[in-house]
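Chemist: Give me coordinates for this.
(2 chains)
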Amino acid sequence: MAGVEFKGVWKRFGDVVAVEDLTLEIIDREFLVFLGPSGCGKSTALRMIAGLEEPSEGTVSIGDEVVNGVDPRDRDVAMVFQSYALYPHMTVYKNIEAPLLTRPMEPPDGGAPRKLTKEERAVKVKEAAAILGLEAYLDRKPGALSGGQRQRVALARAIVRRPRVFLMDEPLSNLDAKLRTQTRLELVELWRRLGITFVYVTHDQVEAMTMASRVAIIAEGRLQQLGPPQDVYERPANLFVARFIGSPPMNTFDAVARPAAGGMVAQAGAAVVPLPAGLGVSPDQAVTVAVRPEHLHITADGPLDGIVRSVELLGHEQHVIIEVSGELMVIRQPSEEPDPVLGTTVRLSPELGRLHVFDQASGLRVE
Amino acid sequence: MSLSASAPIQAPTRRRRSSRVREALLGYSLLAPAFIVLGVFGYYPLYRLVHFALYRPNRFGNGEVYVGPSNISSVLADEEFLDGLWISVKYLLYTVPTGLVIGMLLALLSHRRLRGIKVFQAIFSSTVATSVAVASVVFFGLVNPKIGKFGDVSFISLAKADSALRGVALTSIWQNVGLTFVIVLAGLQAVPDAVIEAARVDGFGPLRRLFRVTLPLISPTLLFLIVILMIFGFQSFAPMEILTHGGPAGATETLVFKIFQRRAPGQISEGSVMALGLFGLTFVVTLLQLTILNKRVHYGE
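Modeler: Residues are numbered from 1 along each chain as shown, chains lettered A, B, ... in the order given. Model (predicted):
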């Protein structure tokens, strides 16, 4: 068992900076998810933990040990690849057994770590296969398995050795939607059961929100925000996170802060939206105001006005798309609400306490 | 059934049949060039070969005498044929494993992302693009006993009967290295990086990775190479012709060389039988390799 620490880590490929000055501590036994758009450097960060890439600068530690320059096989980590990377010429049994062949480890009946005998390896392989429900497929080759079964073999191969850190690079992206939902639950179950640090890379915010103890949001090689999923959702640290997390995404509009009777307001054209009291904005500061679709409502006297452009019915809720001074905004409301009439002008009011305000110049959250 | 009901059914049938004929004609006409080339340069010569094997020119050279299958069995059992076969087999043993191993090692060494590695890849594969004759002349300059730089190295000396075949084999080895290199490198590039990375994380060292993962994954490529190198080895002719003329004392007279020697009208019957024997042999060896090795080869998903 061990945590992982990045200290001032950079990774450059030629002139391209993949990871920029990453400092991050992954706590022992947590389920940490690297979330970001593709090409943001999250996979590179994971591969640096595995030892498949070396940092250009800075240190990576596993436990208390700096692992820069340490070969992957001496790091005591296991990894599940997006393509699963099973050995196609070996049976499922041999695939799961592979990590047990070379390293000394604790025998099934306890005692000092040593290389396991064939019988001891069989015990471990069967145990891992049982956890993932693969007993019936041990003699098959990966080519004869479905995508979901292959994915389980990859998981079994990774857990068989009980590594200190368990790394996963988009392991669900090759599964169909139904299987993905089911496997998400099983992964969390597996994590609870094993009590091992999980580091998980994904571009899918649903996976991050549902599984993570903490999410590390990465964009353009930089860490944008680190925290529990709900915190990240409720208090995005900058505009990137605000727009990236949440579906449909947050509504944003640019405005200028103005003092008014009873506190500060945000003025966007003719619209004046009151801001929460005690917000650290100065008069005439250029800000971006953001509000989630579920916190924006159609009311008779709202400060914003717009034209109803379309209504999307999803069964349990509806999304109303409204054009507000040239920009599209989305309102998410229960389907019991009356359908707004297309083309009519409606007034909108955001919930005051649910407004997010960002400094336009820096993109950072203003509290 | 009324006429009006059957007419619209018949019409499309007729049309369909005629369009099928037209389609078939088009298909055969597209196949024709291949058929003609194969017929003229493949099947007709093969027919002539069988013909030569079964008939012998008469004493005056103006007609043919049927000799029949007994001709075939007597030639194939003759010492000349068996001797040539033995030399050909030795030649295979000298050329195929060495060329395969060296070419494979070079491919493994240069299969990496390094600046300028393409230059080495081009150099290593260049022997493929060299003609056998040119390669043979180059080695003539290297190992010829009178003018060669390495003419006095006794292990490959062309002057002695027991070492001459090894000297001749150098040309084929050199060419096999390039061919093996190109094909193995292509095979290596088709192995997914993630599988090799998984093996690294799973604790496989470089050697274990090579023997447990990489080589099994390129085994279809290796099987193909072994088959093709053996066929090339059986067919080798130019190195013997240029370096030794089959000498000294017939020590480098491989089967193909012996066949080539029997091209005079009086001997062409014997040569044809030998050629048929070589054809049959190559066929059987290839078939055996494919069936035996196929069981041990992994063809992926």
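Chemist: Name the SS class of A:Lys320, please.
Modeler: Slight slip there: residue A:320 is Val, not Lys. Following DSSP: H, G, I helix; E, B strand; the rest coil, we place A:Val320 in the strand state.
Chemist: just checking, it touches A:Pro334?
Modeler: No. A:Val320 is beyond contact range of A:Pro334, at 11.5 Å (criterion: CB atoms under 8 Å). The way it works is simple: take the backbone N, C-alpha and C, and place the C-beta from them, glycine included.
Chemist: And these two? Which one has more around it.
Modeler: The residue with more neighbours, out of A:Val320 and A:Pro334, is A:Val320; 24 against 9, by other CB atoms under 10 Å in any protein chain shown.
Chemist: hey, what's the more buried one bridged with?
Modeler: A:Val311, A:Ile331 (DSSP bridges).
Chemist: Contact partners for it?
Modeler: By CB atoms under 8 Å, 6 or more residues apart in numbering or on different chains, A:Val320 lies in contact with A:Ile298, A:Val308, A:Ser310, A:Val311, A:Glu312, A:Val330, A:Ile331, A:Gln333, A:Pro340.
Chemist: switch the cut-off to 7 Å
Modeler: By CB atoms under 7 Å, 6 or more residues apart in numbering or on different chains, the contact set of A:Val320 is A:Val308, A:Val311, A:Ile331, A:Gln333, A:Pro340.
Chemist: Mind picking the lowest-pLDDT entry from those residues?
Modeler: Across the set of the contacts of A:Val320, A:Pro340 stands lowest in pLDDT, at 85.
Chemist: measure the closest residue in space to that residue that isn't next to it in sequence to A:Leu342 for me?
Modeler: Nearest residue to A:Pro340, sequence neighbours excluded (CB to CB, 6 or more residues apart in numbering or on different chains): A:Val308, at 4.5 Å. Counting by CB to CB, to the nearest Å, the gap from A:Val308 to A:Leu342 is 5 Å.
Chemist: who's more crowded, the two?
Modeler: Ranked by neighbour count (other CB under 10 Å), A:Val308 and A:Leu342 place A:Val308 first, with 19 against 12.
Chemist: isn't the more buried one right next to A:Arg347, touching?
Modeler: No. Between A:Val308 and A:Arg347 no contact is recorded; they are 11.4 Å apart, counting by CB atoms under 7 Å.
Chemist: mind checking which helix or strand A:Leu24 is in?
Modeler: A:Leu24 belongs to strand A:16-26 when elements are defined using DSSP states H and E.
Chemist: and that strand, what does it pack onto?
Modeler: Strand A:16-26 sits against strand A:4-13, helix A:42-50, strand A:222-227, with contacts defined as 3 or more CB pairs under 7 Å, 6 or more residues apart in numbering or on different chains; DSSP states H and E.
Chemist: for the following helix or strand past it, packing partners?
Modeler: Sequence order places strand A:31-35 as the next helix or strand after strand A:16-26, per DSSP H and E. For strand A:31-35, the packing partners by 3+ CB pairs under 7 Å, 6+ apart come out as helix A:42-50, strand A:197-202, helix A:205-211, strand A:214-219.
Chemist: What angle do strand A:222-227 and the longest one make with each other?
Modeler: Per axes from the mean of the first three to the mean of the last three CA atoms, to 10 degrees, the angle that helix A:42-50 makes with strand A:222-227 is 80 degrees.
Chemist: in the helix or strand that helix A:42-50 is followed by, what's buried?
Modeler: Once the chain leaves helix A:42-50, the next helix or strand it forms, by DSSP H and E, is strand A:57-62. Neighbour counts over strand A:57-62 (16 or more other CB atoms under 10 Å in any protein chain shown) mark A:Gly58, A:Val60, A:Ser61, A:Ile62 as buried.
Chemist: will you turn these into CSV that also has distance to chain B and pLDDT?
Modeler: Putting the buried residues of strand A:57-62 into CSV (distance: CB to the nearest CB, whole Å; pLDDT from 0 to 100) gives the following:
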residue, distance to chain B, pLDDT
A:Gly58, 22, 94
A:Val60, 15, 95
A:Ser61, 18, 94
A:Ile62, 13, 94
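Chemist: Which one of those is nearest to A:Gln267?
Modeler: Closest approach to A:Gln267 among the buried residues of strand A:57-62 (CB to CB): A:Gly58, at 44.3 Å.
Chemist: ok, now how distant is the closest one from A:Asp15?
Modeler: Distance, A:Gly58 to A:Asp15, using CB to CB: 19 Å.
Chemist: what about the chain, any weak spots by pLDDT?
Modeler: As the question left the chain open, I've gone with chain A. Residue ranges of chain A with pLDDT under 70: A:1.
Chemist: That was the other one, I meant chain B.
Modeler: B:1-16, B:61, B:145, B:148, B:151-154, B:158, B:296-301.
Chemist: near chain A, which residues of it show up?
Modeler: B:192, B:194-195, B:197-198, B:200-204, B:208, B:213, B:216-217, B:298, B:300-301 (CB under 7 Å from any CB of the partner chain).
Chemist: from those, which ones fall inside helices?
Modeler: B:Ala194, B:Val195, B:Glu197, B:Ala198, B:Arg200, B:Val201, B:Arg208, B:Pro216, B:Leu217 (DSSP state H).
Chemist: quick one on the thing from earlier: so which of the contacts of A:Val320 is the most crowded?
Modeler: The most crowded member of the contacts of A:Val320, judged by other CB under 10 Å, is A:Ile331 (25 neighbours).
Chemist: That one touches A:Val324, doesn't it?
Modeler: No. With contact defined as CB under 7 Å, A:Ile331 does not count as touching A:Val324 (10.6 Å).
Chemist: Which strand or helix spans the nearest residue to B:Thr180 once chain neighbours are set aside?
Modeler: Of all residues not flanking B:Thr180 in the chain, B:Gly103 sits nearest, at 2.6 Å (CB to CB, 6+ apart). Assigned by DSSP H and E, B:Gly103 falls within helix B:79-110.
Chemist: distance of the nearest residue to A:Gly363 once chain neighbours are set aside from chain B?
Modeler: Counting by CB to CB, 6+ apart, A:Leu239 is the residue found nearest to A:Gly363 once chain neighbours are left out, at 4.3 Å. Distance, A:Leu239 to chain B, using CB to the nearest CB, to the nearest Å: 35 Å.
Chemist: Then A:Gln360?
Modeler: Look at A:Gln360 and chain B: by CB to the nearest CB, they are 43 Å apart.
Chemist: That residue contacts A:Ala286, doesn't it?
Modeler: Yes. Applying CB under 7 Å as the test, A:Gln360 and A:Ala286 come out as touching, 4.0 Å apart.
Chemist: which of the two has more neighbours?
Modeler: Each of A:Gln360 and A:Ala286 has its neighbours counted (other CB under 10 Å); A:Gln360 has more, 15 against 12.
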